[in-house]
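[1] pasting the sequence and the predicted coordinates here, then a few questions.
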Amino acid sequence: MVWKEAKNHPGCLVLGSRKIQKETPLKSRIGNQITRIAYMLITSVHIYDTQTGLRAFDKTLLPELLTIPGERYEYEMNVLLVCSRKKISLREIRIETIYINDNAGSHFNPLRDSYKIYKEIFRFSASSMVSFILDYGIYSLFLWLTASFSKSISLFLSNVMARILSGCFNYQVNRNLVFQEKTDSGRTAVQYVLLAAGILAGNTILLEVFIYLGMNQYIGKLCTELIFFIISWFIQRTFIFRRQRSGG
């Protein structure tokens, strides 16, 4: 039983994991599969049934769960995102599910509720995309402005200025709109600066390597940004903008 598992593992969130069967409605199969993959890519945590509403936990998690925003499906996904960010253990117990009239009684709206579930993911992706466009635009502008300089100096200045300006923009957007981190701005700012400095160094070195190997400087920039986008995404979500546990 799910409640027994929660009792035996205090501090864990226990999920009643539904087994996908041939009787499972197609909408439920597709929805759970998409959410499972998206959640794993974002958090590196594998959960078989991310949409289950059968969950159990002990009282130690109550203060944390009460601070999580959202309703219904949105809240359920936010709980899983917060648990992964704060390293709260997730345990799954396999359960059987009976669908009545092909799950016609479900109140899940594919468009509205999918947006609510993936809202934070969408915001992060949009923030990263806008920051990338800004970064690439500044990079291209400075390449044009420094065209009379030597190629290595032009490349270095263009990349550094692009990273600094787009990094300041990205930090503010991620902190205030994506992760909505309202406390301890000094800590997040210092950590973000260190991350940005590390990414800037790695970005510059890798871009130089790509150019040295004969890659076009614009294509090299795209490849470099893609690699460091993934690195930055993981570090920001896992370490910098994690919410602190209630009560310390």
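    Looks like it came in fine. Residues are numbered from 1 along each chain as shown.

[2] give me phi/psi at the residue located most distally from the centre of the chain?
    Here the chain reaches farthest from its C-alpha mean at Ser148, the gap being 40.8 Å by C-alpha atoms, centre = their mean. For Ser148, the backbone dihedrals (degrees, to the nearest 10) come out as phi -80, psi -10.

[3] one more: the one 3 residues further on?
    Listed backbone geometry of Lys151 is phi -60, psi -40, with angles given as degrees, to the nearest 10.

[4] for it, report the pLDDT, please.
    At Lys151, the pLDDT value in this model is 84.

[5] hmm, back to that, next one: the residue farthest from the centre of the chain relative to Leu157, how far apart?
    The gap separating Ser148 from Leu157 is 12 Å, by C-beta to C-beta, to the nearest Å. To be clear about C-beta, it is placed using only N, CA and C from the backbone, and glycine gets the same treatment.

[6] can you map out the strands along the chain?
    Remark: strands assigned in the chain by DSSP state E are 13-18, 55-56, 90-95.

[7] of the ones you listed, flag the one that's most buried.
    strand 13-18 (a mean of 22; mean count of other C-beta atoms under 10 Å).

[8] helices and strands around that one, which ones?
    Counting contacts by 3 or more C-beta pairs under 8 Å, 6 or more residues apart in numbering; DSSP states H and E, strand 13-18 packs against helix 2-8, strand 55-56, strand 90-95.

[9] domain-wise, how is the protein divided?
    If you go by automatic domain parsing, the domain ranges for the chain are 2-117, 120-240.

[10] worst mean pLDDT among those?
    domain 2-117 - the lowest mean pLDDT of the domains of the chain, at a mean of 75.

[11] what's the end-to-end length of stretch 63-81?
    16 Å (C-alpha to C-alpha, to the nearest Å).

[12] next, the buried residues of that stretch.
    64-65, 70, 73-74, 76-81 (16 or more other C-beta atoms under 10 Å).

[13] check those and tell me the two furthest apart.
    Glu64 and Tyr73 (19.4 Å; C-beta to C-beta).

[14] JSON lines for the helices and strands packed on strand 13-18, including distance to Asn170?
    Listed next are those as JSON lines, based on distance: least, C-beta to C-beta, whole Å:
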{"stretch": "helix 2-8", "distance to Asn170": "39"}
{"stretch": "strand 55-56", "distance to Asn170": "34"}
{"stretch": "strand 90-95", "distance to Asn170": "29"}
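
[15] any idea which of these gets closest to Thr43?
    Of the helices and strands packed on strand 13-18, nearest to Thr43 by C-beta to C-beta is strand 90-95, at 9.9 Å.

[16] now do the closest one against strand 13-18, angle only.
    30 degrees (axes from the mean of the first three to the mean of the last three C-alpha atoms, to 10 degrees).

[17] residues touching strand 90-95, excluding its own?
    1-2, 5, 9, 12-19, 45, 47-49, 54, 80, 83-84 (C-beta atoms under 8 Å, 6 or more residues apart in numbering).

[18] please redo it, this time with the cut-off set to 6 Å
    With C-beta atoms under 6 Å, 6 or more residues apart in numbering as the test, strand 90-95 has contacts from 2, 5, 12-19, 48, 83.

[19] stretch 164-176 now?
    By C-beta under 6 Å, 6+ apart, stretch 164-176 touches 127, 131, 134-135, 138, 181, 192, 196.
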